[in-house]
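In: Provided below for reference: sequence and predicted model.
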Amino acid sequence: MAASLTANAIAVVNGGDLNLKPVVQVLDVRLISAAQERYRMVVSDGSATQQALLATQLGVLVKAEKVKKGSVVQLLEYISSTVQGRRIIIVLNMQTLVIECEIIGNPNLPPEAAEITLQASSNNNFGNSKGASLSRAGIVSSSGTNPGNNVQSFHPTVQPSYKPPPNYKNRGAIMKNEAPARIIPIAALNPYQGRWAIKARVTAKGELRRYNNARGDGKVFSFDLLDSDGGEIRATCFNAVVDRFYEIVDVGKVYMISKGTLKPARKSFNHLNNEWEIFLESTSTVELCPDEDNSIPTQQFNFRPISEIENAENNSIVDIIGIVTSINPSVTILRKNGMETLRRILNMKDVSGRSVELTLWGDFCNREGRQLQEMLDSGIFPVLAVKAGKVNDFSGKSVGTISSTQLYIDPNSSEAHSLRKWFDGGGKNAASQSISRDAMPELSPNDIRKKVSQIKHEGLGRGDKPDWVTVKATISFIKTDTFCYTACPLMIGDRRCSKKVSRLASGNWCCDRCDKEFEECDYRYLLQAQVQDHTGLTWVTAFQESGEEILGCSAKELYMLKYEENDDTRFGEIIRRSLFQQYLFKLKIKEEHFGDEQRVKITVIKAEKVNPSTESRYLLDLILKHSA
């Protein structure tokens, strides 16, 4: 098939014209880095030849044999750059016009390469004029050996003189390129480019960290970038550069970034899907851009099912999404360095039939942790997307937050909508197996069903760890003399103190723990009840949330009826309507020491009235399972 090459294309491209989109012929293409699948080519415009380096993502064209020796291609996006004093074209995007074609024209090579060509053709079995031309073009080194992935061994090509376009002004003996750097995709970035710019959104911003090493004290921070093509890369600043950019970089905003240095990404710290990392310098620019077209997404996820986390490597970084089914209060933890931090543990489940423990550290406990707690307390089971969580195998498999982790509550995404539909359509009651050995148990009413008699006969709660079971039973008796207590309403960190308080002569309340007085106190359930099924009965204790689920009103409302309004009739009605109702009780069973006595304490974690439809489905599934 006849093909026409763009006349004088090599000179024009090297002169700085980035809009020509020339048609050239591939004289040779070779792999120079197997690890990165990077290829270099020799291209010709029919008279001049030039070394060219393919961007990583274009390697698939060579592997698919859509680009080979003799192919005619059109360069759509490219940069002419100088590497180690040698000119080279970086090809960012191209298309193949003709896959196979005879050599077009008479490509000229520098005269000084002739002697090298003859020697190289002999050493490398290039037995014809084409082989000699390829050798002189830089396929082999001056020693006659293949340079492999050493870009420095490329031989420069003498190019015809070319008058630069108008935007390149002649100032004395130096030609200075004053054209702005061209915006390229993040995926096309590589260390061989001279002038580049990227337009990207900041998806995460790390904390400002200080360090001390043999070279002295310093400070550093990093931020992650995402562009409209889905490319991600991390930018890092040190010392004086931190002062320039730390305050102006905000998560969610779009910036134009240029004049940075690309170095290999440190994969032990950098989880992004990019082999490079940008190091900003004193000459770098970071300019805020208007986000008018919203073409750059706010975040990019690579979600893995919770079931896959079970086989994930320790310390690996993962994205997960699931329904939050339970959450613990925050607790203060003393780190090895003597500093205190907060920890909060929650449970997530998804459609894979597995659940996992997620540990929130530091500020995550107060921000997203408190919001999740309030939603769960209101009976809402939120969807939580975790970007860049760290896998831990200390106790089964769990996931924890790190400085670059981001949490999204009920995100507006197809994955979140699909998960919500599954959960509301029956997934809430589907049994799931935890991959975290010490995980807080699920609140599903269908897991680990026991009868009341089995609590005693199987010695539940007498091991090193609590037993968590579900029992279907009715309440036969409720103690009404001590159904609640007066509690401290003051906040300690992100949660209330809730210790028992006493009333002073002044009418105020006093907390010995907080050593403070206040006019109003909280009222919290401490409900003791007797539950029974057809096999036996036992005593249980229900605290605030589970007490409200059983009685249908707050402890304060019930306290006021009994002790302030003296309305024994309404008080008795509330108690009686809770009796002999069938519930699914989620129980925590643990042996505790009271002085010299050991007793098994049974705590109601959750109480749900039996839903006949849901319970029927559970029983039918049980019958089918036993039949099989």
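Out: It's in.
In: can you list the buried residues in stretch 615-628?
Out: Across stretch 615-628, burial judged by 16 or more other C-beta atoms under 10 Å covers Glu615, Tyr618. Yep, even glycine has a C-beta here, placed from its N, CA and C like the rest.
In: alpha carbons of it, as CSV, please.
Out: Taking Å, rounded to 0.1, in the frame of the first residue of the first chain, the C-alpha atoms of stretch 615-628 are listed here in CSV:
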residue,chain,number,x,y,z
GLU,A,615,-38.0,-15.3,60.4
SER,A,616,-40.0,-17.5,58.1
ARG,A,617,-37.3,-17.1,55.4
TYR,A,618,-34.6,-18.0,57.9
LEU,A,619,-36.4,-21.1,59.0
LEU,A,620,-37.0,-22.2,55.4
ASP,A,621,-33.3,-21.7,54.6
LEU,A,622,-32.5,-23.8,57.7
ILE,A,623,-34.8,-26.6,56.6
LEU,A,624,-33.3,-26.6,53.1
LYS,A,625,-29.8,-26.6,54.5
HIS,A,626,-30.5,-29.7,56.8
SER,A,627,-32.3,-31.4,53.9
ALA,A,628,-29.3,-31.0,51.7
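In: and the contacts of stretch 211-219?
Out: By C-beta atoms under 8 Å, 6 or more residues apart in numbering, the surrounding residues in contact with stretch 211-219 are Leu208, Arg209, Arg210, Val220, Phe238, Asn239, Val242.
In: Provide a list of residues in contact with the nearest residue to Thr6 once chain neighbours are set aside.
Out: Once flanking residues are discounted, Thr6 sits nearest to Pro22: 3.8 Å by C-beta to C-beta, 6 or more residues apart in numbering. Going by C-beta under 8 Å, 6+ apart, Pro22 touches Leu5, Thr6, Ala9, Val12, Val13, Asp45, Gln74, Leu75.
In: look up phi and psi at the third one.
Out: In other words, Ala9. Here is the backbone geometry of Ala9 (degrees, to the nearest 10): phi -60, psi -40.
In: so where's the stretch 201-350 of the chain shaky on pLDDT?
Out: Applying pLDDT under 70 to the stretch 201-350 of the chain flags residues 292-293, 334-339.
In: cutoff 90 now
Out: Applying pLDDT under 90 to the stretch 201-350 of the chain flags residues 204-218, 228-231, 251-252, 259, 263-275, 282, 289-302, 309-317, 328-343.
In: what ranges do the strands span in it?
Out: 209-213, 216-226, 232-238, 254-264, 276-289, 317-327, 331-334, 340-349 (DSSP state E, counting those that start in this stretch).
In: how far off centre is the first one?
Out: Okay, so that is strand 209-213. Centre-to-centre, strand 209-213 and its host chain are 26 Å apart (C-alpha atoms, centre = their mean, to the nearest Å).
In: again, but for the fourth one
Out: Relative to the mean C-alpha coordinate of its chain, strand 254-264 is positioned 22 Å out (C-alpha atoms, centre = their mean).
In: in it, what counts as buried?
Out: Buried-residue list, strand 254-264, by 16+ other C-beta under 10 Å: Val254, Tyr255, Met256, Ile257, Ser258, Lys259, Gly260, Leu262.
In: what bridges to the second one?
Out: With DSSP bridges applied, the residues forming beta bridges to Tyr255 are Ala200, Leu288.
In: ok, now which ones touch it?
Out: Lys199, Ala200, Arg201, Val202, Leu225, Val249, Val286, Glu287, Leu288, Cys289.
In: distance of it relative to Ala200?
Out: Separation of Tyr255 from Ala200 (C-beta to C-beta, to the nearest Å) stands at 7 Å.
In: can you check which residues contact both of the two?
Out: Common neighbours of Tyr255 and Ala200 are listed as Leu225 (criterion: C-beta under 8 Å, 6+ apart).
In: and the chain, what are its domains?
Out: Annotated domains of the chain cover 9-153, 186-289, 306-434, 449-483+526-620 [automatic domain parsing].
In: tell me how far the second one is from the chain's mean position?
Out: Read it as domain 186-289. Put simply, domain 186-289 sits 18 Å off its chain's centre (C-alpha atoms, centre = their mean).
In: stretch 405-422 now?
Out: Distance of stretch 405-422 from its chain centroid, counting by C-alpha atoms, centre = their mean, is 13 Å.
In: same check on stretch 516-528?
Out: Computed by C-alpha atoms, centre = their mean, the chain-centroid distance of stretch 516-528 equals 41 Å.
In: distance between the ends of that stretch?
Out: 30 Å (C-alpha to C-alpha, to the nearest Å).
In: in that stretch, what counts as buried?
Out: The neighbour-count check on stretch 516-528 (16+ other C-beta under 10 Å) flags Cys521, Asp522, Tyr523, Arg524, Tyr525, Leu526, Leu527 as buried.
In: what's the farthest-apart pair in those?
Out: Pairwise distances across these (C-beta to C-beta) peak at 18.2 Å, for the pair Cys521 and Leu527.
In: still on that earlier bit, can you tell me which of the strands of the stretch 201-350 of the chain is nearest to Val67?
Out: Distance to Val67, taken as C-beta to C-beta, is lowest for strand 276-289 among those, at 23.4 Å.
In: okay, buried residues for that closest one please.
Out: By neighbour count, with 16+ other C-beta under 10 Å as the criterion, the buried positions of strand 276-289 are Trp276, Glu277, Ile278, Phe279, Leu280, Ser284, Val286.
In: circling back to that earlier point, ok, the buried residues of strand 254-264 vs Ile233, which is closest?
Out: Among these, Leu262 lies closest to Ile233 (C-beta to C-beta), at 8.7 Å.
In: which residues does that closest one bridge with?
Out: Ile278.
In: and if you look at Phe238?
Out: Beta bridges link Phe238 to Val220, judged by DSSP bridges.
In: what residues are up against Leu537?
Out: Residues near Leu537 by C-beta under 8 Å, 6+ apart: Val452, Ser476, Gln530, Val531.
In: return the subset of those lying in strands.
Out: Among the contacts of Leu537, the residues falling in strands (DSSP state E) are Ser476, Gln530, Val531.
In: out of those, which is most surrounded?
Out: Neighbour counts for those (other C-beta atoms under 10 Å) peak at Val531, which has 24 neighbours.
In: for Thr285, give its distance to Gln193.
Out: Using C-beta to C-beta, Thr285 is found at 16 Å from Gln193.
In: also Leu346?
Out: For Leu346, the distance to Gln193 (C-beta to C-beta) stands at 44 Å.
In: cool, and Ser268?
Out: Applying C-beta to C-beta, the value for Ser268 to Gln193 is 26 Å.
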